[in-house]
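Student: Here is a sequence together with a model predicted from it:
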Amino acid sequence: MPTKINEATELAIPLKNLIGLVTFTAVSVWAYTGITERIAFLEHNLQAVSVEVEENDEWIDNFSPPPEVSDTVRRVRDLELKIKELEVLLHSGENNG
């Protein structure tokens, strides 16, 4: 015949086991809370980094150098071409002379 459980039912659990169960439960709750807190912190950091990466990506996509830089690059290229021309003239003069 099955035992019926009601308000008057008594259980005999050794105090050592009861303290162990309570301690295990407390440690489990503490660990779970710590893990969920850490996950929330990491998710927040990930979201912040994602926003920063998106802003940097947008800045890179929209970047154009100032006109002064473009002008300087054009002038350097012109100087490089003139130097090559002078080198060719110098070598052709050496070969002819």
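Tutor: Thanks, I have it.

Student: any idea how far W59 is from the residue nearest to the spatial centre of the chain?
Tutor: In the chain, the residue lying closest to the centroid (CA atoms, centre = their mean) is V49, at 5.6 Å. According to CB to CB, to the nearest Å, V49 and W59 sit 15 Å apart. For glycine as for every other residue, the C-beta is placed from the backbone atoms N, C-alpha and C.

Student: W30 too?
Tutor: The value you get for W30 to W59, if CB to CB is used, is 44 Å.

Student: ok, now I39?
Tutor: When I39 is compared with W59 (using CB to CB), they lie 31 Å apart.

Student: Same question for N45.
Tutor: Relative to W59, and taking CB to CB, N45 is found at 21 Å.

Student: try G20
Tutor: 58 Å.

Student: Same check on V76?
Tutor: 26 Å.

Student: Same check on I83?
Tutor: The value you get for I83 to W59, if CB to CB is used, is 36 Å.

Student: For the helix or strand that G34 is a member of, what does the pLDDT average out to?
Tutor: Under the criterion of DSSP states H and E, G34 resides in helix 15-62. Taken as a whole, helix 15-62 has a mean pLDDT of 96.
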